[in-house]
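In: Just need the structure, nothing else, for what follows:
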Amino acid sequence: MTVEKAVFRFAGIMVLLSLLLTYYVHPNFVWFTAFIGLNMFQFSFTNFCPAALVFKKLGLKTEAECAKGL
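Out: Numbers count the residues shown, from 1 in each chain. Presented below is the predicted three-dimensional model:
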């Protein structure tokens, strides 16, 4: 698995989790969904993603590194 796929998978799980928490626990969990959306929005401009940094530190490679055979 690459960093990019791990980030998308993690974001999807977090969105689904926040929706479940909003529905079953408390309506204010919708702000968790907004936080995830804002983080993805800022990534489109800055290419900075805290989750990607964590996945890189865990040893996952980027798609570019995999393409180069690193």
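In: C-alpha from now on. contacts and neighbour counts both.
Out: Noted.
In: Low-confidence regions, the chain specifically.
Out: For the chain, the stretches flagged by pLDDT under 70 are 70.
In: show me where it has helices.
Out: 3-24, 30-46, 50-57, 63-68 (DSSP state H).
In: Output the ones you listed as CSV; include the columns mean neighbour count.
Out: Shown next, in CSV, are those (neighbours: other CA atoms under 10 Å):
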stretch, mean neighbour count
helix 3-24, 15
helix 30-46, 14
helix 50-57, 15
helix 63-68, 10
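In: doesn't residue 28 make contact with residue 22?
Out: Yes. Judged on CA atoms under 8 Å, residue 22 makes contact with residue 28 at a distance of 6.5 Å.
In: got a list of what the residue nearest to residue 40 when sequence neighbours are not counted touches?
Out: The shortest distance from residue 40 to any non-neighbouring residue, by CA to CA, 6 or more residues apart in numbering, is to residue 49 (7.9 Å). Neighbouring residues of residue 49 by CA atoms under 8 Å, 6 or more residues apart in numbering: 39, 40, 43.
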